[in-house]
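Enquirer: how would this look folded up:
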Amino acid sequence: DKQARSDAANAANLALVSMIAMLGLCVATAVAARQLVVRPMVRAVADIKNIASGKYDFVIKQSSRGDELGQLNAAISSLRDSAREAERLREEVNGADRKAEEKAIGQLSSALTRLAEGRLDMGIADRFPEKYEPLRENFNITLDALGNLMHEVLGTADNVRTGSSEIRAASSDLASRTET
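Expert: Got it, this is the predicted structure:
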């Protein structure tokens, strides 16, 4: 009888320690996901909003990571540089070029606004005048790259969420087994 109670107490303690360890693992996973995915994404959104509002004099935190978030920062940097170049071109042109330039800048501005709103599927379809065409092409290339990276980042975040759910389910399963 005494042995049985001791075994039951040991099993209950083991179950409690296991549940605490699983809870700690879940919390650590959530904190890691926030640090590794959420915060960089929030910074990326702020950078894109700066670009959309015409602010180009800011530093984009280049990540030494070779993952999708590092590539996302590089794409945002390229986008900022393209937008800055568009602004410079707008200031350079005059006379007859002014109208064509305004059209290109208007289309680029509209595209940047759509991008800031999260629309990664809306490139610039209408060709720009010849001297501005590289801006349109670079924007569309950058937009495609950004869309692909966002797709990969969302997949990674989904995998983290799935892993956390599986850990939580395993912890609950272990706890229920220990109680019986």
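Enquirer: Spatially nearest residue to the residue nearest the centre of the chain (excluding sequence neighbours)?
Expert: Among the residues of the chain, the one closest to the centroid is Met41, at 3.7 Å (Cα atoms, centre = their mean). Leaving aside its sequence neighbours, Met41 sits nearest to Val153 (Cβ to Cβ, 6 or more residues apart in numbering; 7.0 Å). Quick note: C-beta positions are derived from backbone N, CA and C, even for glycine.
Enquirer: what's the neighbour count on that neighbour?
Expert: 19 (other Cβ atoms under 10 Å).
Enquirer: ok, now Ala169?
Expert: Count around Ala169 with other Cβ under 10 Å applied: 11.
Enquirer: Over to it. Which of the three states is it?
Expert: For Ala169, the assignment made with DSSP: H, G, I helix; E, B strand; the rest coil gives helix.
Enquirer: quick one, strands of the protein?
Expert: Under the criterion DSSP state E, the chain carries no strands.
Enquirer: And the pLDDT at Gln107?
Expert: pLDDT recorded at Gln107 is 90.
Enquirer: Make 3 the first number, not 1, from now on.
Expert: Fine by me, first position is 3 from now on; the one you just mentioned is Gln109.
Enquirer: where does the chain have low pLDDT?
Expert: 64-66, 95-98, 181-182 (pLDDT under 70).
Enquirer: that older thread, hmm, the residue nearest to Met43 is touching Asn75, no?
Expert: No. Val155 lies out of contact with Asn75 (Cβ atoms under 8 Å); the separation is 11.6 Å.
Enquirer: Give the residues shared as contacts by the two.
Expert: Counting by Cβ atoms under 8 Å, 6 or more residues apart in numbering, no residue touches both Val155 and Asn75.
Enquirer: now Pro131, nearest residue through space, not along the chain?
Expert: Ala102 (4.1 Å).
Enquirer: What's the separation between that neighbour and Thr144?
Expert: The spacing between Ala102 and Thr144, counted by Cβ to Cβ, to the nearest Å, is 22 Å.
Enquirer: And Arg121, by the same measure?
Expert: 14 Å.
Enquirer: These two: who's more crowded?
Expert: For Arg121 versus Thr144, neighbours defined as other Cβ under 10 Å are more numerous around Thr144 (21 against 13).
Enquirer: picking up where we left off before, the residue nearest to Pro131: neighbour count?
Expert: Ala102 has 15 neighbouring residues, counting by other Cβ under 10 Å.
Enquirer: any idea how far it is from Leu176?
Expert: Distance from Ala102 to Leu176, by Cβ to Cβ: 68 Å.
Enquirer: separation between Arg138 and Arg116?
Expert: Taken as Cβ to Cβ, the span from Arg138 to Arg116 is 14 Å.
Enquirer: Just want to know which of those two has more residues nearby.
Expert: Higher neighbour count among Arg138 and Arg116: Arg138, with 22 against 17, using other Cβ under 10 Å.
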